[in-house]
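**Q** have a look at this fold, sequence not included:
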């Protein structure tokens, strides 16, 4: 049994097709589009949205540990530093940068805390 030959399709582009294509320049100095009116960006505490009271996983020099964030401060260069309370007493790293955070568990921030039965 022999197969029938398929017709060969030409992939040549006509000059009109290439000339009609729209090209977008990626090297422009244009200003970014302004934000829509009425949209307010939320204030950012850190690049990962970390706040005091959150539980974080830190990768410090290849060692991973979990800690509670006590305080956040920013140095003059703009880097955020965390003051931590590690859960494991064997860990002696009490400071970290936001770049060393690998995971964040956010504390639920609702309203004032109510007692049981409230």
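**A** That came through, no problem. On a predicted model such as this, the values are computed, not experimentally measured, just so you know.

**Q** in the protein, where's the longest strand?
**A** Of all the elements of type strand in the chain, the one with the most residues (DSSP state E) is strand 63-74.

**Q** the helix or strand following it to strand 63-74, inter-axis angle?
**A** Of the helices and strands lying after strand 63-74 in sequence (DSSP states H and E), the nearest is strand 80-86. Computed by axes from the mean of the first three to the mean of the last three C-alpha atoms, to 10 degrees, the angle separating strand 80-86 from strand 63-74 equals 130 degrees.

**Q** now for strand 80-86, which elements pack on it?
**A** Applying 3 or more C-beta pairs under 8 Å, 6 or more residues apart in numbering; DSSP states H and E, one finds that strand 80-86 contacts strand 55-60, strand 63-74, strand 95-97. For glycine as for every other residue, the C-beta is placed from the backbone atoms N, C-alpha and C.

**Q** one more time with 6 Å
**A** Packing partners of strand 80-86 (3 or more C-beta pairs under 6 Å, 6 or more residues apart in numbering; DSSP states H and E): strand 63-74, strand 95-97.

**Q** now what about the shortest one, what contacts it?
**A** Meaning strand 95-97. 58, 79, 81-82, 84 (C-beta atoms under 6 Å, 6 or more residues apart in numbering).

**Q** what are the buried residues along that strand?
**A** residue 96 (16 or more other C-beta atoms under 10 Å).

**Q** and stretch 81-101, by the same measure?
**A** For stretch 81-101, a neighbour-count test (16+ other C-beta under 10 Å) marks 81-82, 84, 86, 91, 96, 98, 100-101 as buried.

**Q** TSV for those, including pLDDT and distance to residue 65?
**A** Formatted as TSV, the buried residues of stretch 81-101 follow (pLDDT from 0 to 100; distance: C-beta to C-beta, whole Å):
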residue	pLDDT	distance to residue 65
81	93	17
82	94	13
84	95	9
86	96	6
91	93	5
96	95	10
98	92	16
100	94	11
101	94	12
